[in-house]
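Novice: Could you look at this predicted model? Sequence included:
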Amino acid sequence: MKAAVINHYGDRNELEVIDTRMPEIQADEVLVENHATSINPIDYKARQGLLKPMFQWQFPVILGWDLAGTIVSVGEQVKGFEVGDAIFARPDIDNLGANGAYAEYTAVKADKLAHKPSNISFEEAAAVPLAALTALQMLRQLKLLSNQKILIQAGAGGVGIYAIQLAKMMGAYVATTAGQVNHEFVKSLGADLVIDYHEYNIQDVLSDFDAVLDTVGDVDGGIAILKPGGHFVTISTTLTDQQKNISNKTVMSGWLTPNGRDLETLAIDIANEDLKIVVDSIYPLTTEGIRQAHERSETHHARGKVVVTIKP
């Protein structure tokens, strides 16, 4: 099968599409023929070697942790999924680095799968799992309630677009940050207040917030706008001991837990047209295409998700 791999840690030029071996499935897995995948910040951070303390990968490494495709083989313990089912998933990160989603086929644990809504394409489905699951789980971690005020940093980014919509569905008042070019866009997703991060520091214009979802590393600013008893979670940086021990405020790091049941919940919202998917751009699974996809993601200016088509 074809797969985009890296043989060394480094810049996007380390990515190369090669022929490699098909994955073999375990009893609790399915084999997915991938139609599309998408790019997330964890992808290029992994490519740069920033995940080395967590995973002892063996080169060549296949990156990618979003996929949408069709099941072509089912393990003997799998229930609820059959050959031919259209699915999407955020698979587990393989400890050896050999089973990523930048490939024509990926082995996926059945408990990470969800059925793809019929009203979206495979490219759109691939733009959902990691970012939308992160948004959903972080809002839960923040214990967000109806009528509370939340700041969602980088509202036009992959996690931000879903977090805004989900927070509004929960009944919250949503403030977000975005460049001027994206103000009307994030308002269309439901944002009540948009702050131009080029013009203002959030602590100069916001206060008394119940929750902050940080995706940009502005920990001190986020903590500063919280009311006593407020909750802060970051998915983009490491907290200091001092930050984690602020009195009267809960300051946490967040990390996605892949979960098929949560993804099925999001699939219902998508099928009901309550959750909008935003695709910034689409690239082919070629050496040039995967490098360009990483380049676009690394600009931090993508509106929504950067997607890679594997099976046109």
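Specialist: Sure, I can see it.
Novice: Got the domain ranges for this protein?
Specialist: Split into domains by automatic domain parsing, the chain comes to 2-128+277-309, 131-253.
Novice: pretty sure residue 123 is touching residue 36, no?
Specialist: Yes: under the criterion of Cβ atoms under 8 Å, residue 123 makes contact with residue 36 at 4.6 Å. Where C-beta positions appear, they are placed from N, C-alpha and C, glycine not excepted.
Novice: overlap in contacts of these two?
Specialist: Shared contacts of residue 123 and residue 36 (Cβ atoms under 8 Å, 6 or more residues apart in numbering): 68, 307, 309.
Novice: for these, which one is nearest residue 223?
Specialist: Set against residue 223, the nearest of these by Cβ to Cβ is residue 307 (34.4 Å).
Novice: Pairing partners for the closest one in the sheet, please.
Specialist: residue 38, residue 282 (DSSP bridges).
Novice: Got phi/psi on residue 233?
Specialist: phi -140, psi 140 (degrees, to the nearest 10).
Novice: State the pLDDT value of it.
Specialist: For residue 233, the pLDDT comes out at 98.
Novice: I figured it hits residue 219, correct?
Specialist: No: counting by Cβ under 8 Å, residue 233 stays clear of residue 219, with 10.3 Å between them.
Novice: follow-up on the earlier one: the domains of the chain: which one's closest to residue 269?
Specialist: Once these are compared by Cβ to Cβ, domain 131-253 is nearest, at 7.5 Å.
Novice: From the chain's centroid, how far away is the closest one?
Specialist: Put simply, domain 131-253 sits 16 Å off its chain's centre (Cα atoms, centre = their mean, to the nearest Å).
Novice: Could I get the full set of strands for the stretch 101-250 of the chain?
Specialist: With DSSP state E, counting those that start in this stretch as the criterion, the stretch 101-250 of the chain has strands at 105-109, 113-115, 149-152, 173-177, 193-195, 209-214, 226-234, 250-253.
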